[in-house]
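Asker: pasting the structure only:
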RNA sequence: GCCCCCAUCGUCUAGUGGCCCAGGACGAAGCCCUCUCAAGGCUUAAACCGGGAUUCGAAUUCCCGUGGGGGCACCA
């Protein structure tokens, strides 16, 4: 499709945890850049000093790397258009603000926050739309210069035309027309000398030669402002794509703190930093978030490579999407099954180790085919396979009693099982299973009862990977020992 | 209140005027497989927000409602 290499950017502000929405925009940015042979850039929008939280920037970089969305240019990797942190680009914004003032597209404003607030209150009382009243809009230039010389603090406001309408073009939504009188004279440079988003993003996107701006639809209302600023500079516009927002699972309203907390209780999260701990894979998270806002007709299980091949901005959807965590589970489980054994082993080892288990790599490699299709999240490996790495297991006594049998009968089954096992030179499952089948036939007990007792005795749990394959991996000695222990438990009941 | 955006199964979506009594996926239900739990296979239920208009013909175009979302800061 696109022949021209695209330069895209993810431009988060370091004001909190990196969330799903950021990850999804970053993914689309990444896909477009890779598909066209362009670059994907990380820019930190930290112009609000009051809201910047320590560590947030690092969390963003870690999050992108964990997801595998490595940026070509960014604060910690450099690049030809740096710096990539807006607080380090102060001079650039001041310079550009001055250009706008000189061209008559912006003006200094000496109104104090108190005054502004008072005006706002009065407007609301009169049921008017809150907006800047224009006090400083027509201040004589020499009067403004005098005040500045006297050390009066000022902001710079963009001078929106009062007449006519602005037509801004969004790639997904078409032309968006707004009456200019609806627009405000927004502050573009604050008294602290730092720009607001409106100036900073526009200047940076131009300076960094960004060709496609993908961002949340919350920017739609100031979209005409941004377009006006670009036109005031006389610059070429990027292609704009305003993505939809994520709604909470109920579909009623956007994700809130409350919803985020609820998700956490259910074992899910909207924060990228939590995903690994919860056992999610980058592949699963990416595939899942990609499809909220991107319409794919069929074959929706995709690796990033496949996404790159298939991605087009034309197939993005403009409507809001409700988050569906069940679908995350599905994509996560599916991608786990797609992983190679060696890859899965490396990832699973982390969880076993965190659980305090001593991992035998040989056993790990052998048990993975047994548990792979049983995993929804990576940390499920603990509940399915921890017994492989424990010295002893501790079955619940009642679980050793098979359904329909009493303790005495169960003990009898266990003793017989021990005899059968003891008679086996090795525990290959092909060799081991037939004698047990014969026992089931001759004893009158059913397979569920016999295998159930054996399962609980040997694995310590009622639910496990396939029994005989598991025993083969555990080895004869371990199985015999555990079975002996279970017999003891049953005989005491 | 004002402005802007959005609208197909419960959810994510395909669909760009006839190929659609609307396709896929998740979830749900049932069956098969089966040593537990999964995975897998097969099957079923499930949607074009409402009303006008354009047209031989509309899920698809236009208008009006309604509903949902976003914004109205010296925050991004």
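Answerer: Everything's here; your move. Small disclaimer: the values here were computed from a predicted structure and weren't measured.
Asker: where does pLDDT dip in chain A?
Answerer: Residues of chain A that meet the criterion pLDDT under 70 lie in A:1-3.
Asker: quick one, domains of chain A?
Answerer: According to automatic domain parsing, chain A comprises the domains A:88-243, A:257-338, A:340-385, A:391-491.
Asker: gap between the last one and the chain center?
Answerer: Right, the one you point to is domain A:391-491. 43 Å (CA atoms, centre = their mean, to the nearest Å).
Asker: do the same with the second one
Answerer: Between the centre of domain A:257-338 and the centre of its host chain there is 8 Å, according to CA atoms, centre = their mean.
Asker: tell me the buried residues in the helix or strand hosting residue A:335?
Answerer: According to DSSP states H and E, residue A:335 maps onto helix A:325-338. By 16 or more other CB atoms under 10 Å, the buried positions in helix A:325-338 come out as A:328, A:329, A:330, A:331, A:332, A:333, A:334, A:335, A:336. Placement of C-beta: from N, CA and C, glycine included.
Asker: show me what that helix is packed against.
Answerer: Here helix A:325-338 touches helix A:282-290, going by 3 or more CB pairs under 8 Å, 6 or more residues apart in numbering; DSSP states H and E.
Asker: so does the helix it packs on get close to RNA strand B?
Answerer: No. Using CB under 7 Å from any atom of the strand, helix A:282-290 stays clear of RNA strand B, coming no nearer than 8.7 Å.
Asker: angle of that helix against helix A:325-338?
Answerer: Here helix A:282-290 runs at an angle of 140 degrees relative to helix A:325-338 (axes from the mean of the first three to the mean of the last three CA atoms, to 10 degrees).
Asker: report the buried residues of stretch A:405-412.
Answerer: A:405, A:407, A:409, A:410, A:411, A:412.
Asker: ok, residue A:413 touching residue A:405?
Answerer: Yes. Counting by CB atoms under 8 Å, residue A:413 touches residue A:405, with 7.3 Å between them.
Asker: quick check, residue A:334 in contact with residue A:301.
Answerer: Yes. At 5.3 Å, residue A:334 counts as touching residue A:301 under the criterion of CB under 8 Å.
Asker: shared neighbours, those two?
Answerer: residue A:287 (CB atoms under 8 Å, 6 or more residues apart in numbering).
Asker: for the residue of chain A found nearest RNA strand B, phi and psi?
Answerer: RNA strand B sits closest to residue A:295 of chain A, with a gap of 1.9 Å, by CB to the nearest atom of the strand. When read as degrees, to the nearest 10, the backbone of residue A:295 gives phi -90, psi 120.
Asker: ok, it - contacts?
Answerer: A:315, A:316, A:317.
Asker: most distant residue from the middle of chain A?
Answerer: residue A:442 (55.7 Å; CA atoms, centre = their mean).
Asker: just checking, that one is part of a strand?
Answerer: No. Residue A:442 is assigned helix when assessed by DSSP: H, G, I helix; E, B strand; the rest coil, not a strand.
Asker: how close does it sit to residue A:471?
Answerer: Look at residue A:442 and residue A:471: by CB to CB, to the nearest Å, they are 21 Å apart.
Asker: tell me what the following helix or strand past the helix holding residue A:335 is packed against?
Answerer: Moving toward the C-terminus from helix A:325-338, the next helix or strand (DSSP H and E) is helix A:341-354. Helices and strands touching helix A:341-354, by 3+ CB pairs under 8 Å, 6+ apart, are helix A:361-371, helix A:380-385.
Asker: just put those helices in TSV and tack on distance to residue A:171 and mean neighbour count.
Answerer: Shown next, in TSV, are the helices and strands packed on helix A:341-354 (distance: least, CB to CB, whole Å; neighbours: other CB atoms under 10 Å):
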stretch	distance to residue A:171	mean neighbour count
helix A:361-371	44	17
helix A:380-385	41	20
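Asker: and the strands in chain A?
Answerer: A:7-10, A:39-42, A:106-109, A:155-158, A:165-170, A:174-179, A:187-189, A:212-216, A:239-243, A:246-247, A:321-322 (DSSP state E).
Asker: so is the first one next to RNA strand B?
Answerer: No. Applying CB under 7 Å from any atom of the strand, one finds that strand A:7-10 is not in contact with RNA strand B, the shortest distance being 11.2 Å.
Asker: next one: that strand to chain centre, how far?
Answerer: On CA atoms, centre = their mean, the centre of strand A:7-10 falls 18 Å from that of its chain.
Asker: ok, back up a step: out of the buried residues of helix A:325-338, which are close to RNA strand B?
Answerer: A:329, A:330, A:333, A:334.
Asker: nearest to residue A:40, out of the domains of chain A?
Answerer: Proximity to residue A:40 (CB to CB) singles out domain A:88-243 among the domains of chain A, at 10.5 Å.
Asker: tell me the residues on the stretch 101-250 of chain A that lie near RNA strand B, please.
Answerer: Residues of the stretch 101-250 of chain A lying near RNA strand B (CB under 7 Å from any atom of the strand): A:111-113, A:116, A:120, A:127, A:129-132, A:153, A:155, A:172-174, A:176-179, A:182, A:184, A:186-187, A:190-192, A:194-197, A:200, A:217-222, A:244-245, A:247.
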